[in-house]
Structure formats: C-alpha cells, structure tokens
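> Structure for the following, please:
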Amino acid sequence: MRLAVYVPLLLSLLAPLGARPLSERCEPRLATWLLTVSALVLGAASTVALGLLAVTGLIRIPQLAALGHWSAGSARHQDPTALSVSVVAGVLLGGAVWAAARMFWRRTRTLAAATLDAACMPARDGLVVLEDDAADAYAIPGLPGRVVVSTGMLHTLDETEHDVLLAHERAHLAAHHYAFVAFAQLGAAANPLLRPLATAVTYTIERWADESAAASTGDRRRVARAVGKAALAAHRAPALARAAGAVLGILGRRGPLASAGPVPRRVAALLAPPPGRPRALTAVTAAVVVAAVLATAEAAHDLHRLLEAVGAG
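Okay, the predicted model is just below:
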C-alpha cells in the first residue's frame, strides 16, 4: 500500500498540538465543534487505516487468501507493507475497536441512567433544589433534562448570581453538550493520541456555557465572579453524589474538585473581550480533517486495487 494509509496516523500525532490554541483563541461554540469533529474523524480514520494495514497482512496467509480467491504469493510481492507492520496494526486495531465499543456502551448506559434519573426528579421549570449544605450545581440530560442545585450553592451566590448559575446550566442542556463530550471521548477511545482533544472539549463546553450566561445576563464580570465563588465553595465542601459521566456542572467536573486548573482560565477569559473566530486556525483544522478523510479514501482505493491485482495473480 502507498503512503496515504499512514497519513491519518501522522495527523493524529500532530492534531493534539492544536487543542490548546483552539480552546483559548476560538469562540467556544466554534472551538467545541472543531475539536469534536477532529477527534471523531481522526479516531475513525486512524482505526480504518489500521484495518487496511491489517488486511494486507491477512491476505498473505494462504488459508485466508484462499477464502477470497487471492494469491498469497502475489500479495507478498506486490504489497510493500512489511508483515510486522501489518501484525502490529492488527493488534492495535483490536485494541481500538474494543476501547471504542466499551466507551460507547458506557456512555449509552450513563446517558440512559441520567435520563431515567431526570424523569424521576420532580422539578419546577426544570429546576431541582436539593437540601444539602455542600455547594454544587449541575445539569442532567434527559427528556426533558434537569438543572440540579444544592441549597449550599444557592446560599453561596447572591440573587443576581443565581441567574448566572441557571443560565449556565440551561445552556448545557439546550446545546446538548453531553453529546459533544461523548463523541470526542469516543474518538479518543479509538485513538489515545487524541485524548488532548477530548480534554479540551470538556473545557470548551464550559466556556460555551459561560459565554451563554454572559450573553443572557449581559454582565461578563458577574459571570466570572459567580464561577470563581462557586469554585471556592465547592473546594471547601464535598460534591454531591451523581450519575458518573452523565452530568455537566458549572465547574466542569463529574466528581469532587481535584484541581481548579480550568477555573482560573475561564475567569480570565470572561474578564477579557469575547474571543473571535480566527480564520487561519479554523482553516488549518478543517484542512486536517479533510486530509484525513481523503487519505483514508485513497488508502481504501489502494487496497481495492491490490486485491484486484492479487485476485488475478
């Protein structure tokens, strides 16, 4: 096979370098879309590339080649791919498929559990208030979803910041942020090199919700203050129990606050002018995605021609 089959793998090595610039310089909605699509497409393209490389090794085995009426000897002469490369690709392919399937199953189960939990929660205008001194707030996707806020969080924030909190959590539900996280994590499960992209998505959806709250309230400083106060309050108290992996909170976490790293970045972004849509960065990201798709298609075409050739041999 030609070099095209290796392009998705090479791009997977380079793509994580753009995760931080995209999350910091791009408008959050655009950054989330670019990061999610990149993770999903590169994860799929690299998995297909591994599959194509593995097939070139399988057709060199006489017993398997006979099933497709191919010539194993002709395959060994016409395909420049080393057998060791095909074997490694096959092993990696098995791991990628298993990891992606496991991730898909886990996300499906947690989303189903969250939907059931949301349906069982009595709410007024989609808001559930829990009597708990621990400061916490999060959104649970469902039909419809729910915004859950503890009394501890309500006591932490003043009346004007309550609007910020609700706008932030409702933005998570309205924009289906859980789906972006799930798709990005699915791509990263298939290709661990893409984990920085999935991690960046968990940050950009919070920035997206922050900007939605700022647009709703008209006060970026108030949103920044609410995010900072919520982070400090949650750091002092344990988080409430919740369905793991199925919720999105104002702090961008799914468990006890282990590190406030992203929070200062979010506060700083809210105190700065709203980010724009850098054309160069967007164009480069789109070019990477298109290149991965075209290279995968070309590699598949190369394999098709190889199979035709060894079938005639």
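> What's the local residue count around the residue lying closest to residue 163 once chain neighbours are set aside?
Leaving aside its chain neighbours, residue 163 sits nearest to residue 217 (5.7 Å; criterion: CB to CB, 6 or more residues apart in numbering). Any C-beta I mention is one placed from the backbone N, CA and C, and that applies to glycine too. Residues lying near residue 217 (other CB atoms under 10 Å) number 18.
> unless I'm mixing things up, residue 217 is touching residue 167, no?
Yes: using CB atoms under 8 Å, residue 217 makes contact with residue 167 at a distance of 6.2 Å.
> ok so, going back, which ones are touching the residue nearest to residue 163?
Contacts here follow CB atoms under 8 Å, 6 or more residues apart in numbering; on that basis residue 217 touches 160, 163-164, 167, 223.
> ok, and the most crowded of the residues you listed?
With neighbours taken as other CB under 10 Å, the top of the contacts of residue 217 is residue 223, carrying 29 neighbours.
> other SSEs contacting the helix or strand harbouring that one?
Take DSSP states H and E as the rule and residue 223 turns out to sit in helix 220-236. For helix 220-236, the elements it packs on are helix 151-156, helix 159-174, helix 195-217, helix 262-271, judged by 3 or more CB pairs under 8 Å, 6 or more residues apart in numbering; DSSP states H and E.
> got the buried residues for that helix?
Of the residues in helix 220-236, those scored as buried under the neighbour-count criterion (16 or more other CB atoms under 10 Å) are 220, 222-231, 233-234.
> Would you check how far apart the closest residue to residue 165 other than its chain neighbours and residue 117 are?
Closest residue to residue 165 in three dimensions, ignoring its sequence neighbours and counting by CB to CB, 6+ apart: residue 137, at 5.6 Å. With distances defined as CB to CB, to the nearest Å, the gap from residue 137 to residue 117 amounts to 16 Å.
> Between the two, tell me which one has more neighbours.
When neighbours are counted by other CB under 10 Å, residue 137 and residue 117 differ, and residue 137 comes out ahead with 26 against 18.
> That one and residue 230 touch, don't they?
Yes: between residue 137 and residue 230 there is a contact under CB under 8 Å: 7.0 Å.
> Can you check what angle separates the strand or helix carrying residue 111 from helix 159-174?
For residue 111, the host element (DSSP H and E) is helix 83-120. Orientation check (axes from the mean of the first three to the mean of the last three CA atoms, to 10 degrees): helix 83-120 against helix 159-174 gives 130 degrees.
> what's the helix or strand where residue 47 lies packed up against?
Assigning secondary structure by DSSP H and E places residue 47 in helix 28-58. In this structure, helix 28-58 makes packing contacts with helix 7-14, helix 19-25, helix 83-120, helix 177-190, helix 195-217, helix 279-312, judged by 3+ CB pairs under 8 Å, 6+ apart.
> can you redo the buried residues of helix 220-236 as CSV with pLDDT?
Formatted as CSV, the buried residues of helix 220-236 follow (pLDDT from 0 to 100):
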residue, pLDDT
220, 93
222, 93
223, 93
224, 93
225, 92
226, 91
227, 90
228, 89
229, 88
230, 85
231, 82
233, 78
234, 71
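> so what's residue 139 up against?
For residue 139, the set of contacting residues under the criterion of CB under 8 Å, 6+ apart consists of 145-148, 169-170, 172-173, 247-249.
> That one and residue 100, how far apart?
Here the criterion is CB to CB. By it, residue 139 lies 26 Å from residue 100.
> ok, now residue 57?
Counting by CB to CB, the separation of residue 57 from residue 100 is 21 Å.
> ditto for residue 20
Residue 20 is 25 Å from residue 100, by CB to CB.
> Could you check which of those two has the larger neighbour count?
Neighbour tally, residue 20 and residue 100, criterion other CB under 10 Å: the higher count belongs to residue 100, 20 against 13.
> surely that one meets residue 189?
Yes: the pair residue 100 / residue 189 is scored as a contact, 4.9 Å apart, by CB under 8 Å.
> what is in contact with these two at once?
residue 43.
> partners of the host helix or strand of residue 139, with directions?
Assigned by DSSP H and E, residue 139 belongs to strand 137-140. Paired with strand 137-140 in the same sheet, following DSSP bridges, are strand 146-150 (antiparallel), strand 248-249 (antiparallel).
> next one: the shortest one to chain centre, how far?
Read that as strand 248-249. Going by CA atoms, centre = their mean, to the nearest Å, the spacing between the C-alpha centre of strand 248-249 and its chain's C-alpha centre is 15 Å.
> hmm, who's touching it?
The contact list for strand 248-249, computed with CB under 8 Å, 6+ apart, reads 136-139, 169, 172, 177-178, 181, 205-206, 209.
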